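S.K.: Any chance you could fold what I've pasted below:
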Amino acid sequence: MSDDKNHEAVEPSYLTAKKGLMSWLITVDHKRIGLMYLAATMFFFLVAGLLAIALRTELFTGQQDFMSAQTYNKVFTLHGAIMVFLFIIPSVPAAMGNFVLPLMLGAKDVAFPKLNLLSFYIYCIAAIMLVMTLLLGSLDTGWTFYTPYSKSTGSAVIMATMGAFVAGFSSILTGLNFVVTVHKMRAPGMTWNRMPLMIWALYATALIQIMATPVLAITLFLLIIERTLNIGIFDPAMGGDPVLYQHFFWFYSHPAVYIMILPGFGIISEIITVHSRKHIFGYRAIAMSSVAIAVISFIVWGHHMFVSGQSELAGVVFSFLTFAVAVPTAIKVFSWVATLYGGSIRYTTPMWYGLVFLWTFTIGGLTGVYLGTLSVDVHLHETYFVVAHFHYVMVGGTVVAFLGGLYHWWPKFFGRMYNETAGKISALLVFIGFNMTFLTQFFLGHQGMPRRYYAYLPEYEVMHQVSTIGSWILALGLFTVLGTLVMALKNGERAPANPWKAVSLEWQTASPPIEHNFHMTPRVTGSPYDFPEIDKSAGAHH
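M.R.: Numbers count the residues shown, from 1 in each chain. Here you go, the predicted structure:
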């Protein structure tokens, strides 16, 4: 460490090494690209979040409040499309992964720095296309662009599908970069069994990104061809098959759910072990379960189509495979709980988010078992139960993990500490608001309230109102996060190089890191989770 201390005065951090706007726009430094992704994804999170608040506020009563039915369809479609394609899929891998992956590997940068910058600009082009749909009459198909409606609607389907199509290339390039970086750029001594679990999660995610995303690209391309040339690929009136579209779409979009959640698992593995000061329980099981989820995720897409008229045998097989994917996920949850058991837990803000995640994500996972059950799914399909399940996994899982990761690595990103009390208040508000919003939706769905309806029967009104008030509390919590982190930039205390006393490599360099990460190539001699506090002999066992 002393070596870094001497250099600190001499060598500026990556934030100040080069000056001016241009130095950011053409940078090939993975840390700066990660921050640009972070700013972009946070902006779209805000946009999509405000659309969600508008939706929930419209649903406060069962009649029309301030939106027409047509506007409502456009708002929920844009909320879904922006949230999925511009925030959740790129948020953890592209924003956080870009920053921490080379640091955790002890590398100077990713394998292809210029490709990294290109993938960011491709993402920006995709974002512009999706936002342009607003000027071209918006989009009202739902974020899944289901045929045959998306073939016949007058809204801006082509521009929106082009946006998602282009965003896919950004995703593929990021994944490719990560796979090569993990294979080729690990520090001396970092074997596969010594890699932090965050790296394993990003690696498994990258494999899905590379293999699944081209299928989405082909599907959306076929939809564009069908609309422009008016030929029957998915349109039954012209001899096409709309169920074929569903097969294609979910063959990508089910693995995409794991593109969204796997990096979140990686963050939680880091947070729980670092903040409970204990060697992670079942390191190899967690690492292998990430890879297992990546593999199984490709063969479960049919559970989205239990009521589409596919054969009974296919339904049974997909149902069984859906239960199978729950096993590696459960392995992770049990390992995290076992890590907490007997740990010397520090209730920092990241740890609070880690504990919120365990609660909300587990509900999301278990309700997935309901929806994977054929007989139950027939009744719950296209109800609010599905909306609640999806949000418990995506928001209660990915977004909560993302917020925990922000608080965990913020001192490393910017070299500033934030106000712990404000951070904990934000976690509490997010927890209360989120559960109020979506727990009620399980009951609504169970009672038969269909999703995507903008008017509803009076007997659903009370629960809708609880849900809407919850969404306002959730929004307050998220703005508290924003306020806490922005205030930290302005007047937070200077962060030490290693505020959490962690063992992994990203904490062995200055905060914020210098431009090329390390003064000397670090050598790895042990596990990233050997904490001296709890078990002196832990090293011998692992």
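S.K.: So for the helix or strand hosting L476, mean pLDDT?
M.R.: Using DSSP states H and E, L476 maps to helix 461-491. In this model, helix 461-491 carries a mean pLDDT of 97.
S.K.: and if you look at stretch 12-20?
M.R.: 92.
S.K.: what does that stretch contact?
M.R.: With contact meaning CB atoms under 8 Å, 6 or more residues apart in numbering, stretch 12-20 is reached by 27, 29, 31-32, 414-415, 510, 512-515. In short, each C-beta sits where N, CA and C put it, glycine included.
S.K.: Contacts only, for the closest residue in space to G154 that isn't next to it in sequence.
M.R.: Excluding its sequence neighbours, the residue lying closest to G154 (CB to CB, 6 or more residues apart in numbering) is G137, at 6.9 Å. Residues in contact with G137 (CB under 8 Å, 6+ apart) are 154-156.
S.K.: Out of these, the closest to A126 would be?
M.R.: A156 (14.5 Å; CB to CB).
S.K.: can you list the contacts of stretch 12-20 in JSON lines and add distance to K19, neighbour count and secondary structure?
M.R.: Formatted as JSON lines, the contacts of stretch 12-20 follow (distance: CB to CB, whole Å; neighbours: other CB atoms under 10 Å; DSSP: H, G, I helix; E, B strand; the rest coil):
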{"residue": "T27", "distance to K19": "12", "neighbour count": "21", "secondary structure": "coil"}
{"residue": "D29", "distance to K19": "14", "neighbour count": "27", "secondary structure": "coil"}
{"residue": "K31", "distance to K19": "16", "neighbour count": "24", "secondary structure": "helix"}
{"residue": "R32", "distance to K19": "13", "neighbour count": "22", "secondary structure": "helix"}
{"residue": "F414", "distance to K19": "17", "neighbour count": "19", "secondary structure": "helix"}
{"residue": "G415", "distance to K19": "17", "neighbour count": "20", "secondary structure": "coil"}
{"residue": "A510", "distance to K19": "19", "neighbour count": "23", "secondary structure": "coil"}
{"residue": "P512", "distance to K19": "15", "neighbour count": "19", "secondary structure": "coil"}
{"residue": "P513", "distance to K19": "18", "neighbour count": "24", "secondary structure": "coil"}
{"residue": "I514", "distance to K19": "16", "neighbour count": "19", "secondary structure": "strand"}
{"residue": "E515", "distance to K19": "13", "neighbour count": "18", "secondary structure": "coil"}
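S.K.: What ranges in the stretch 1-150 of the chain fall below the confidence cut-off?
M.R.: 1-10 (pLDDT under 70).
S.K.: so where do the helices sit in it?
M.R.: Assigned by DSSP state H, counting those that start in this stretch, the helices in the stretch 1-150 of the chain fall at 2-10, 21-25, 30-58, 69-81, 89-90, 98-105, 113-132, 149-152.
S.K.: For G423, which of those helices is the nearest?
M.R.: Counting by CB to CB, G423 lies closest to helix 30-58 out of these; the figure is 16.6 Å.
S.K.: Let's have the helices of the stretch 1-150 of the chain in TSV, adding distance to L340.
M.R.: Listed next are these as TSV, based on distance: least, CB to CB, whole Å:
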stretch	distance to L340
helix 2-10	32
helix 21-25	40
helix 30-58	28
helix 69-81	34
helix 89-90	29
helix 98-105	22
helix 113-132	35
helix 149-152	46
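S.K.: where exactly do the helices run in the stretch 351-500 of the chain?
M.R.: Going by DSSP H, counting those that start in this stretch, the stretch 351-500 of the chain shows helices at 374-380, 384-393, 400-414, 420-446, 461-491.
S.K.: Could you identify which of the ones you listed is most buried?
M.R.: Comparing those by mean neighbour count (mean count of other CB atoms under 10 Å), helix 400-414 ranks first with a mean of 25.
S.K.: Give me the distance from that helix to the chain's centre.
M.R.: Counting by CA atoms, centre = their mean, to the nearest Å, helix 400-414 is centred 14 Å from the centre of its parent chain.
S.K.: That helix packs against which elements?
M.R.: Applying 3 or more CB pairs under 8 Å, 6 or more residues apart in numbering; DSSP states H and E, we find helix 400-414 packed against helix 98-105, helix 242-275, helix 349-372, helix 420-446, helix 461-491.
S.K.: Dump the ones you listed to CSV, plus distance to G62.
M.R.: Below are those laid out as CSV (distance: least, CB to CB, whole Å):
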stretch, distance to G62
helix 98-105, 45
helix 242-275, 31
helix 349-372, 25
helix 420-446, 12
helix 461-491, 5
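S.K.: closest to H304 out of those helices?
M.R.: helix 242-275 (4.5 Å).
S.K.: Give me the angle between that closest one and helix 349-372.
M.R.: 150 degrees (axes from the mean of the first three to the mean of the last three CA atoms, to 10 degrees).
S.K.: Mind listing residues that contact the next helix or strand after helix 242-275?
M.R.: Counting by DSSP H and E, the next helix or strand C-terminal to helix 242-275 is helix 283-296. For helix 283-296, contacts defined as CB under 8 Å, 6+ apart pick out 193, 195, 197, 200-201, 203-205, 207-208, 255, 258, 262, 265-266, 269, 280, 321, 324-325, 327-329, 331-332, 335, 527, 529, 542.
S.K.: leaving aside the residues next to it on the chain, what's closest to V166?
M.R.: Here the residue nearest V166, using CB to CB, 6+ apart, is A126, at 4.0 Å.
S.K.: So which bits of the helix or strand that contains T329 are buried?
M.R.: Per DSSP H and E, T329 falls inside helix 312-340. Using 16 or more other CB atoms under 10 Å as the test for burial, helix 312-340 gives 315, 318-319, 321-322, 325-326, 328-329, 331-333, 335-336, 339-340.
S.K.: quick check, nearest of the contacts of stretch 12-20 to A475?
M.R.: For those, the nearest to A475 is F414 (24.5 Å; CB to CB).
S.K.: My guess is that closest one contacts V486. True?
M.R.: No. Counting by CB atoms under 8 Å, F414 sits too far from V486 to count as a contact (10.5 Å).
S.K.: ok so, going back, can you put the helices of the stretch 351-500 of the chain in JSON lines and add distance to S150?
M.R.: JSON lines is the format used below for the helices of the stretch 351-500 of the chain (distance: least, CB to CB, whole Å):
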{"stretch": "helix 374-380", "distance to S150": "24"}
{"stretch": "helix 384-393", "distance to S150": "20"}
{"stretch": "helix 400-414", "distance to S150": "30"}
{"stretch": "helix 420-446", "distance to S150": "25"}
{"stretch": "helix 461-491", "distance to S150": "28"}
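S.K.: closest one to V274 among those?
M.R.: That would be helix 400-414 among those, by CB to CB, at 7.5 Å.
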